[in-house]
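Trainee: here are the coordinates; sequence isn't available:
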């Protein structure tokens, strides 16, 4: 951590210097990596102005405060910059959470693995001999399957009989 103090038309008291160093150490802990800080303290007539510039790992935080008292200007400036640092850390956390949540919801699989998961399984749920609808219902009841394909007795056309969720049977007859 490097700190650069600049005083314009005033002297920096040891109390203010010690307070600034303590607050900058807490900012460094909050950010998690070393910081470079420039503090500019100035007095113009009755206004005490404090400007703080903090640079840390690609980001810069700047703030300015003016009050009638130098110490209250320093305190307000550090409160402002600390609030901004916490806000930026919150944004970074949200971005990281969104990225990880997106990965969990949509896992990326190579195309070869997807093709292996989707394969054709042949089923023997059909009858070649013509039968009535009542016979097809009996065949469907005896098997544990949900669908049964058969040829209708009177028209020799194919039909599909299936179990519905309400317990009844459905019939699909192509034209």
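Mentor: Received, thanks. This is a predicted model, so every value here is computed, not measured.
Trainee: CA atoms for contacts and neighbours, from now on please.
Mentor: Fine.
Trainee: look at the nearest residue to residue 161 once chain neighbours are set aside and report its pLDDT.
Mentor: Nearest residue to residue 161 in three dimensions, chain neighbours excluded: residue 171, at 4.6 Å (C-alpha to C-alpha, 6 or more residues apart in numbering). As summarised for this prediction, residue 171 has a pLDDT of 86.
Trainee: check the burial of residue 171 by counting its neighbours.
Mentor: 15 (other C-alpha atoms under 10 Å).
Trainee: cool, residue 76 as well?
Mentor: 17.
Trainee: list the buried residues of the helix or strand that contains it.
Mentor: Assigned by DSSP states H and E, residue 76 falls within helix 70-105. Using 16 or more other C-alpha atoms under 10 Å as the test for burial, helix 70-105 gives 70-78, 80-82, 85.
Trainee: could I get those residues as JSON lines with pLDDT?
Mentor: Output for these, formatted as JSON lines (pLDDT from 0 to 100):
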{"residue": "70", "pLDDT": "94"}
{"residue": "71", "pLDDT": "94"}
{"residue": "72", "pLDDT": "95"}
{"residue": "73", "pLDDT": "95"}
{"residue": "74", "pLDDT": "95"}
{"residue": "75", "pLDDT": "95"}
{"residue": "76", "pLDDT": "96"}
{"residue": "77", "pLDDT": "96"}
{"residue": "78", "pLDDT": "96"}
{"residue": "80", "pLDDT": "95"}
{"residue": "81", "pLDDT": "94"}
{"residue": "82", "pLDDT": "93"}
{"residue": "85", "pLDDT": "90"}
